[in-house]
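A.B. asks: my questions are about this predicted structure, shown below with the sequence.
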Amino acid sequence: EVQLVESGGGLVQPGGSLVLSCSASNLRLQDTIISWFRQAPGKGREVVACTRITDGRTDYYGSVKGRFATSRDNAQSMAYLHMNNLKPEDTAVYYCAAEVYGSCSESSEEYEFWGQGTQVTVSS
């Protein structure tokens with residue numbers, strides 16, 4: 001059974017940093033698209049980053065460009081979202097999502113596997 005588990009969320013002041021982790025069970029990350037989504041209260045789920053299988057590069061979306069970065073440890077089946085210069089508008093539940101042999105997509109419907117989410121709150 002495939003399982004994704006996020007961790008690392010919490011309360012941080014504006015301008016601060018957090019690193020979210022996504023632990024993947026029964027997935028070979030080399031063959032898997034890993035994307036990070038977030039969902040703020042009252043809003044839809046939006047993609048913030050997607051790491052491609054073909055070249056390992058990451059696409060960033062919207063206001064996170066230049067502030068967020070991804071990394072992964074394929075051997076440990078771990079993916080990470082490094083979030084810097086956090087702003088109150090980054091407050092949301094953050095999810096990692098996976099699709100085996102997939103392509104990066106902004107649509108949450110394209111991803112088969114999801115974690116349970118981790119809350120990030122940016123507030124002074």
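C.D. replies: Great, that's in hand. Just so you know, these numbers come straight off a predicted model, no measurement behind them.
A.B. asks: from the centroid of the protein, which residue is nearest?
C.D. replies: residue 36 (2.3 Å; CA atoms, centre = their mean).
A.B. asks: tell me the SS of it?
C.D. replies: Residue 36 carries the three-state label strand when classified by DSSP: H, G, I helix; E, B strand; the rest coil.
A.B. asks: is it true that it touches residue 93?
C.D. replies: No. Look at residue 36 against residue 93 with CB atoms under 8 Å: they stay out of range, at 11.4 Å. For glycine as for every other residue, the C-beta is placed from the backbone atoms N, C-alpha and C.
A.B. asks: show me what contacts residue 101?
C.D. replies: The contact partners of residue 101, taken as CB atoms under 8 Å, 6 or more residues apart in numbering, are 31-32, 53.
A.B. asks: and if we set it to 6 Å?
C.D. replies: By CB atoms under 6 Å, 6 or more residues apart in numbering, the contact set of residue 101 is residue 31.
A.B. asks: any idea how far residue 54 is from it?
C.D. replies: The spacing between residue 101 and residue 54, counted by CB to CB, to the nearest Å, is 11 Å.
A.B. asks: next: residue 111.
C.D. replies: For residue 111 relative to residue 54 (CB to CB), the value is 17 Å.
A.B. asks: those two: which is more packed in?
C.D. replies: residue 111 (21 against 8; other CB atoms under 10 Å).
A.B. asks: setting aside sequence neighbours, what's the nearest residue to that one?
C.D. replies: residue 97 (3.8 Å; CB to CB, 6 or more residues apart in numbering).
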